[in-house]
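Engineer: My questions are about this predicted structure, shown below with the sequence.
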Amino acid sequence: MAGVTLRKVDQTGIKVGQAATIILLLAGFVLNSWPLIALVALAQLLGALDVPFAPYRLLYLKVIKPSGLVKPNVIADNPEPHRFAVLIGGVFNTVATILLLAGAPTPAWVLVWIVIVLANVNFWLNFCLGCWMYYQLHRLGVPGFKYAPVEG
Amino acid sequence: MVERLVLAVVLLALAFAAYQLLKQRNLQRAAATAAVDPILDDFKPGIPAIVYFTTPGCIPCKTQQQPALSRLRTELGENNIQIIQIDAVENPDAADRWGVFSAPTTFILDPHGQPREVNHGVADAAKLKRQIELVA
């Protein structure tokens, strides 16, 4: 039931993933390290697939949350738009990794910086461009984008 | 590596500066319209206000911003804060006049109705309270 059946989303878990993405991508850029970019891409793609062994999920559930550093912030929300946003980041970083390996660093780092900027916008301003795109695609009736925004 | 580190710091600093500039321009634009803007027709002088721009499809507005504003209203009391909610889809002209490009956006108005701060994205109750106390 699109727009009615809502799951819970832990916003803190999402923030941890964004913070990890920003830190690792910045480290990847500074160290000129394609494996770090590949690692983020893999973490994002696994997160988008919502597998139980996704690295960011494990980082949050097994390390950050038990440490008490942050408090869970579970709210009613659709997880799919967030996963779509992560998928886009994962695709960008995957392409960036391929470009780095192919000897085309400039477009690769441009892609990485796009992800860094968008992750920062999401982390600091709570504006999720991927989520916004998801709901636009839903409005256009694109198959697979079945969840409407939460009704007030 | 040092060059890349410097470049990263410069890029981040530029992004931060660009955002601060954007906020400043946003406030100037809002200040220019606030004195005569019809969305402030019900503004009560002497009480600080929050002008809250939202849209029907804005998830963080419903799940985070609205509850934060409700908490703030309860905490400060009806006589110490006024919240003016604007649906940017219903009233796109107002959103344009105030330079709103995303929801939620909240403007903090001093007791004279002058915009003094703007928050793009969700602002929690504690942050809003601090901002209100600064302008009250």
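Structural biologist: Happy to help now that I have it. Computed from a predicted structure; not experimentally measured. Numbering: from 1, shown residues only, chains lettered A, B, ... in the order given.

Engineer: Show the contacting residues for A:Cys64.
Structural biologist: Slight slip there: residue A:64 is Ile, not Cys. By Cβ atoms under 8 Å, 6 or more residues apart in numbering or on different chains, A:Ile64 lies in contact with A:16, A:70. Just so you know, the C-beta spots here come from the backbone N, C-alpha and C atoms, and that holds for glycine as well.

Engineer: State the distance from it to B:Arg25.
Structural biologist: 37 Å (Cβ to Cβ, to the nearest Å).

Engineer: For chain A, which segments are assigned as helices?
Structural biologist: Using DSSP state H, the helices of chain A run over A:11-30, A:34-48, A:55-58, A:65-67, A:79-101, A:105-125, A:129-139.

Engineer: show me the contacts for the residue positioned nearest the centre of chain B.
Structural biologist: For chain B, the residue nearest the mean C-alpha position is B:Thr106 (2.2 Å; Cα atoms, centre = their mean). By Cβ under 8 Å, 6+ apart, the contact list for B:Thr106 reads B:50-53, B:65, B:118-119, B:123, B:128.

Engineer: Inside strands: which ones of those residues?
Structural biologist: Mapping the contacts of B:Thr106 onto strands (DSSP state E) picks out B:50-53, B:118-119.

Engineer: from these, which single one is nearest B:Val135?
Structural biologist: B:Ile50 (10.4 Å; Cβ to Cβ).

Engineer: pLDDT score assigned to the nearest residue to the closest one once chain neighbours are set aside?
Structural biologist: Leaving out its chain neighbours, the residue that sits closest to B:Ile50 by Cβ to Cβ, 6 or more residues apart in numbering or on different chains is B:Ile83, at 5.0 Å. With respect to pLDDT, B:Ile83 has a value of 95.

Engineer: isn't B:Ile83 right up against B:Arg73?
Structural biologist: Yes - between B:Ile83 and B:Arg73 a contact is recorded at 6.2 Å, counting by Cβ atoms under 8 Å.

Engineer: any idea which residue sits dead centre in chain A?
Structural biologist: Centre-nearest of chain A using Cα atoms, centre = their mean is A:Val86, 2.7 Å out.

Engineer: quick one: contacts for that residue?
Structural biologist: A:17, A:44, A:47-48, A:130.

Engineer: which one of those sits closest to chain B?
Structural biologist: Nearest to chain B, judged by Cβ to the nearest Cβ, of these is A:Gly130 at 12.5 Å.
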